[in-house]
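Chemist: show me the folded form of this:
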Amino acid sequence: MRRNKPGEAKNRAMRRRPRAWPWAVALILAAAFASESFAQSPANRRLDPAAPAHGAPSAADAPKPTSTRVTVHVEVVNVPVSVINKRGYPVFNLEKSDFKVYEDGVPQVIRYFNRVPAPPLRIGLLVDTSNSAAMTLHFEKEAAIEFSYNMLRNENTANEIFLETFDTSSNLIQDFTSNPELLNNKIHALKAGGGQALYDAIYYACKNKLMNAGPTDYTRRVLVLISNGVDVESRHTLDEAISMAHLAQTSIYTIGNVAYGFNDPGARYLRKLAEETGGEAFFPLQKTPGADYETGYLSHGQFDNLQQNRGLGAQTGIYGAERLLKLADALTDLGRQLNNQYDIGYTPSNPVLNGTYRTIRVNVDRKDVRVLWKPGYFAVHQPTSAGAAKK
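Modeler: Below you'll find the predicted structure:
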């Protein structure tokens, strides 16, 4: 029987013992790598209070200046401008030297100036289908169809329109499309009924659709609202709706649908929505319709219940045709404005993205004209088009 030499058993035991230190080192390295990856992930970068917030959901949530570590800058601010003469037609013959642009009262240097072609339009068509619109919806649908056709009629158009309705809640009927026939069919099928949550509809149309409608330096964002301007059920306020339009860099154009002779409490809200977002308010049905020349009686809605006005009243006959024509004319005027805007771009003298709201003012060296422009923007990150060529 072989006897072990002294210390030989101990040496064999040590050779059989697993070597644990390589595994320990590997575990330590893996843990360090995972910790570093976690710290660099997008979700954790947003925890940095100095990092700019992307896609802020509302004006109140826009990033606030927190430290000098904010280094992202605004490259170009795009400002669509409409110049309208006393007859309501666009003014075409202005040059770059005719415009002066100010941001927070400070003169800015215009870098880009285009008349034709202007950047593509991203239009939200927001139609009131509440109970209050039941008597006018037929006329609104026909006018909206004509407007959509006029804005998309060119075969190679880069413009796009989405259709949204609202009553108690808002409903996306058709996403962005450049197909007028598709919109035609969807508009024809609209029916009225329900409450009236106007401000919520504006808020979510701007937040969910127009804010994500493409690069801000290569698109013009517009919301066209057909309504009486009354809100009875929204969770958001009028100011919150306007603030979201500012954040989405969207101009709101309103078309009032209240007929002449009726009380119109929502008109002031339609004007405010337009004026504070760089759009315009139209009230095509507020003009005196005059007499029904076939019967000799006034034929507007104020006298609908009089026996002599039935038949050719507010909903049928001559006045019904007038309603349709006036709504269509208002939307035609709007389309003409949008198709003939000046496209102005400047690099702001204060380029830091610090979340503040910057006001814009545009002056034009021309008498007897109305000037409409985007009134301002939030200095937050917005997607831009690196490949958009500017001349």
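
Chemist: how does the protein divide into domains?
Modeler: 10-42, 63-114+342-378, 121-338 (automatic domain parsing).

Chemist: looking at those domains, which one is packed in the most?
Modeler: domain 121-338 (a mean of 19; mean count of other CB atoms under 10 Å). The C-beta positions use only the backbone N, C-alpha and C, and glycine is treated the same way.

Chemist: got the contact list for stretch 141-148?
Modeler: For stretch 141-148, contacts defined as CB atoms under 8 Å, 6 or more residues apart in numbering pick out 125, 127, 161, 180, 183-184, 187-188, 190, 224, 226, 255, 324, 327-328, 330-332, 334-335.

Chemist: of the residues you listed, which belong to helices?
Modeler: Residues from the contacts of stretch 141-148 lying in helices, with DSSP state H as the criterion: 180, 183-184, 187-188, 324, 327-328, 330-332, 334-335.

Chemist: before we move on, the earlier item: with mean pLDDT added, can I get the domains of the chain in CSV?
Modeler: Below are the domains of the chain laid out as CSV (pLDDT from 0 to 100):
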stretch, mean pLDDT
domain 10-42, 44
domain 63-114+342-378, 87
domain 121-338, 85
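
Chemist: how far away is residue 148 from residue 234?
Modeler: 26 Å (CB to CB, to the nearest Å).

Chemist: again, but for residue 207
Modeler: Residue 207 is 14 Å from residue 234, by CB to CB.

Chemist: now swap in residue 225 and tell me
Modeler: 14 Å.

Chemist: give me the common contacts of these two.
Modeler: Counting by CB under 8 Å, 6+ apart, nothing touches both residue 225 and residue 234.

Chemist: show me the helices in the stretch 151-300 of the chain, by range?
Modeler: 180-188, 198-204, 238-247, 267-275 (DSSP state H, counting those that start in this stretch).

Chemist: mind checking the end-to-end distance for stretch 232-244?
Modeler: Taking CA to CA, to the nearest Å, stretch 232-244 runs 19 Å from one end to the other.

Chemist: which residues touch it?
Modeler: Counting by CB under 8 Å, 6+ apart, 58-60, 168, 195-203, 206-207, 231, 269, 272-273, 276-277 sit against stretch 232-244.

Chemist: quick one: the strands in the protein, in order.
Modeler: 77-85, 99-103, 106-108, 110-114, 121-128, 160-166, 170-177, 220-227, 250-256, 281-282, 342-346, 357-364, 369-373, 376-378 (DSSP state E).

Chemist: need those in JSON lines (columns: distance to residue 242).
Modeler: Shown next, in JSON lines, are the strands of the chain (distance: least, CB to CB, whole Å):
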{"stretch": "strand 77-85", "distance to residue 242": "18"}
{"stretch": "strand 99-103", "distance to residue 242": "19"}
{"stretch": "strand 106-108", "distance to residue 242": "24"}
{"stretch": "strand 110-114", "distance to residue 242": "27"}
{"stretch": "strand 121-128", "distance to residue 242": "14"}
{"stretch": "strand 160-166", "distance to residue 242": "17"}
{"stretch": "strand 170-177", "distance to residue 242": "17"}
{"stretch": "strand 220-227", "distance to residue 242": "11"}
{"stretch": "strand 250-256", "distance to residue 242": "8"}
{"stretch": "strand 281-282", "distance to residue 242": "13"}
{"stretch": "strand 342-346", "distance to residue 242": "23"}
{"stretch": "strand 357-364", "distance to residue 242": "11"}
{"stretch": "strand 369-373", "distance to residue 242": "16"}
{"stretch": "strand 376-378", "distance to residue 242": "11"}
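
Chemist: for these, which one sits closest to residue 214?
Modeler: strand 121-128 (6.2 Å; CB to CB).

Chemist: what lines up beside that closest one in the sheet?
Modeler: strand 160-166 (parallel), strand 220-227 (parallel) (DSSP bridges).

Chemist: would you confirm that residue 153 contacts residue 180?
Modeler: Yes - Residue 153 is within contact range of residue 180, at 6.6 Å (criterion: CB atoms under 8 Å).

Chemist: give the contact list for the spatially closest residue to residue 326 that is not a sequence neighbour.
Modeler: Among residues not flanking residue 326 along the chain, residue 284 sits closest, at 3.8 Å (CB to CB, 6 or more residues apart in numbering). For residue 284, the contacting residues are 255, 256, 326, 327, 329, 330, by CB under 8 Å, 6+ apart.

Chemist: then residue 245?
Modeler: 202, 206, 223, 251, 252, 273, 277.

Chemist: of those, closest to residue 76?
Modeler: Distances from residue 76 to the contacts of residue 245, taken by CB to CB, are shortest for residue 251, at 18.1 Å.

Chemist: contacting residues around the closest one?
Modeler: Residue 251 touches 80, 220, 221, 222, 223, 245, 277, 278, 279, 372, 374, counting by CB under 8 Å, 6+ apart.

Chemist: can you list those residues in a markdown table and add distance to residue 340?
Modeler: Formatted as a markdown table, the contacts of residue 251 follow (distance: CB to CB, whole Å):
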| residue | distance to residue 340 |
| --- | --- |
| 80 | 11 |
| 220 | 12 |
| 221 | 17 |
| 222 | 14 |
| 223 | 19 |
| 245 | 22 |
| 277 | 19 |
| 278 | 16 |
| 279 | 15 |
| 372 | 12 |
| 374 | 16 |
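
Chemist: how about the nearest residue to residue 114, chain neighbours excluded?
Modeler: Nearest one to residue 114, counting by CB to CB, 6+ apart, is residue 343 at 4.1 Å.

Chemist: beta-bridge partners for the one you found, please?
Modeler: Where residue 343 sits in a bridge, its partners, by DSSP bridges, are residue 80, residue 114.

Chemist: wait, it sits on residue 82?
Modeler: No - the pair residue 343 and residue 82 does not pass the contact test of CB under 8 Å, sitting 11.0 Å apart.
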